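Engineer: What follows is a protein structure lacking sequence information:
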């Protein structure tokens with residue numbers, strides 16, 4: 001866990017692990033998208049523009065999702081909603097916002113929308129893979145305790161540690177997973193590491209009160225996104241070959257198939273990953289399909305349904321309506 005990688009010399013600013021991985025993922029995705037779109041755009045800069053807009057929208061969407069999800073933490077100080085540098089992003093909200101901006105941009109400029117969406121889907125999953133590595137460095141999106149050989153332990157005071165030593169009624173957990181003595185708390189709030197005695201520091205680092213080993217769900221998600229990006233690329237190449245010969249009899253070869261498949265694959269992966277995560281609260285509400293599941297699980301179900309509908313529609317559209325005409 002490295003939320004802050006290093007401090008910029010002669011300033012009080014630090015380079016965040018999460019932000020750095022997001023930037024790396026975006027730059028790599030933009031490079032891949034630019035190369036794959038060479039044959040479908042008159043101006044390669046347009047694909048970079050939509051990538052930049054989607055990045056900004058993704059950050060805003062991720063922040064909005066987090067604030068709505070944890071609004072009680074901001075109710076007393078609404079200005080802190082904008083303190084994004086203090087952390088607090090939910091990647092799923094960023095993905096949904098980025099997709100919405102991409103679709104609006106393509107329609108406004110009357111670009112070959114479905115062909116662009118297929119390429120952007122590959123780049124989006126690639127960027128997501130690096131974003132999840134950033135989650136691991138940040139310590140968020142942590143998993144449930146387990147005894148697997150590859151389980152990881154986060155440090156004292158991390159998101160996972162705090163979750164384990166406090167009750168969590170939003171996950172139907174009235175008792176903490178690990179009972180700490182009262183002298184580790186100050187007015188009910190977990191003391192910072194600097195406030196602990198030398199003996200207490202030893203107990204929380206190598207002793208009986210160190211963090212329980214948990215699933216590295218961030219790395220699971222990173223691997224899933226990388227695999228999905230690879231699969232989408234293979235389907236995209238297959239579709240490209242079909243378009244060259246105008247042979248669309250094979251399934252999943254119409255333009256837009258890869259983007260529809262992204263919703264299906266990512267929705268399924270995220271739904272099952274949530275069973276291993278231990279951070280998101282369990283939700284109730286009129287729109288909840290999977291009762292007792294998290295908000296991400298229910299959004300994942302909607303994503304799969306949306307992807308299936310997209311796939312069916314794209315397969316039915318005639319060839320002369322496969323894309324918007326460029327200006």
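Structural biologist: Sure, I can see it. These numbers were taken from a predicted model, which means no experiment stands behind them.
Engineer: Can you list the residue ranges for helices in the protein?
Structural biologist: 17-36, 44-69, 91-108, 113-138, 159-165, 198-205, 217-245, 257-273, 295-316 (DSSP state H).
Engineer: from those, which stretch is densest packed?
Structural biologist: helix 113-138 (a mean of 25; mean count of other CB atoms under 10 Å). The C-beta positions use only the backbone N, C-alpha and C, and glycine is treated the same way.
Engineer: From the contact counts, what lies against that helix?
Structural biologist: Under the contact definition 3 or more CB pairs under 8 Å, 6 or more residues apart in numbering; DSSP states H and E, helix 113-138 sits against helix 17-36, helix 44-69, helix 91-108, helix 217-245, helix 257-273.
Engineer: quick one: which of the ones you listed is nearest residue 168?
Structural biologist: Distance to residue 168, taken as CB to CB, is lowest for helix 44-69 among these, at 14.0 Å.
Engineer: That closest one vs helix 91-108, what angle?
Structural biologist: For helix 44-69 against helix 91-108, the angle between stretch directions is 140 degrees (axes from the mean of the first three to the mean of the last three CA atoms, to 10 degrees).
Engineer: Distance from the chain centre to helix 44-69, please.
Structural biologist: The chain centre lies 12 Å from the centre of helix 44-69; the measure is CA atoms, centre = their mean, to the nearest Å.
Engineer: what angle do that helix and helix 113-138 make?
Structural biologist: Using the same axes, to 10 degrees: helix 44-69 against helix 113-138 is 50 degrees.
Engineer: Show me what helix 44-69 packs onto, helices and strands only.
Structural biologist: helix 17-36, helix 91-108, helix 113-138.
Engineer: Out of the helices of the chain, the one nearest residue 153 is which?
Structural biologist: helix 159-165 (8.4 Å).
Engineer: Quick one: the helices and strands packed on helix 44-69 as TSV, columns for distance to residue 172 and mean pLDDT too.
Structural biologist: Putting those into TSV (distance: least, CB to CB, whole Å; pLDDT from 0 to 100) gives the following:
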stretch	distance to residue 172	mean pLDDT
helix 17-36	29	85
helix 91-108	22	81
helix 113-138	24	90
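Engineer: Could you dump those helices into a markdown table with distance to residue 69 added?
Structural biologist: Converted to a markdown table, the helices and strands packed on helix 44-69 look like this (distance: least, CB to CB, whole Å):
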| stretch | distance to residue 69 |
| --- | --- |
| helix 17-36 | 17 |
| helix 91-108 | 8 |
| helix 113-138 | 15 |
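Engineer: which one of the ones you listed lies closest to residue 298?
Structural biologist: Using CB to CB, the nearest of those to residue 298 is helix 91-108, at 10.9 Å.
Engineer: can you list contacts of the closest one?
Structural biologist: 49-50, 53-55, 57-66, 111, 113, 116-117, 120, 124, 128, 131-132, 135, 141, 266, 270, 296, 299, 324 (CB atoms under 8 Å, 6 or more residues apart in numbering).
Engineer: one more time with 6 Å
Structural biologist: 50, 53-54, 57-58, 61-62, 65, 113, 116, 120, 131, 296 (CB atoms under 6 Å, 6 or more residues apart in numbering).
Engineer: tilt between that helix and helix 17-36?
Structural biologist: Using the same axes, to 10 degrees: helix 91-108 against helix 17-36 is 30 degrees.
Engineer: how far does helix 91-108 sit from the chain's center?
Structural biologist: Worked out by CA atoms, centre = their mean, helix 91-108 lies 14 Å from the chain centre.
Engineer: swap in stretch 7-21?
Structural biologist: 21 Å.
Engineer: first vs last residue of that stretch, how far apart are they?
Structural biologist: The separation between the terminal residues of stretch 7-21, taken as CA to CA, to the nearest Å, is 16 Å.
Engineer: returning to what we had before: looking at the helices and strands packed on helix 113-138, which is closest to residue 187?
Structural biologist: Among the helices and strands packed on helix 113-138, helix 44-69 sits nearest to residue 187 (CB to CB), with 25.8 Å.
Engineer: follow-up on the earlier one: JSON lines please, covering the contacts of helix 91-108 and showing distance to residue 102.
Structural biologist: Shown next, in JSON lines, are these (distance: CB to CB, whole Å):
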{"residue": "50", "distance to residue 102": "6"}
{"residue": "53", "distance to residue 102": "8"}
{"residue": "54", "distance to residue 102": "5"}
{"residue": "57", "distance to residue 102": "8"}
{"residue": "58", "distance to residue 102": "10"}
{"residue": "61", "distance to residue 102": "12"}
{"residue": "62", "distance to residue 102": "15"}
{"residue": "65", "distance to residue 102": "17"}
{"residue": "113", "distance to residue 102": "9"}
{"residue": "116", "distance to residue 102": "8"}
{"residue": "120", "distance to residue 102": "6"}
{"residue": "131", "distance to residue 102": "16"}
{"residue": "296", "distance to residue 102": "21"}
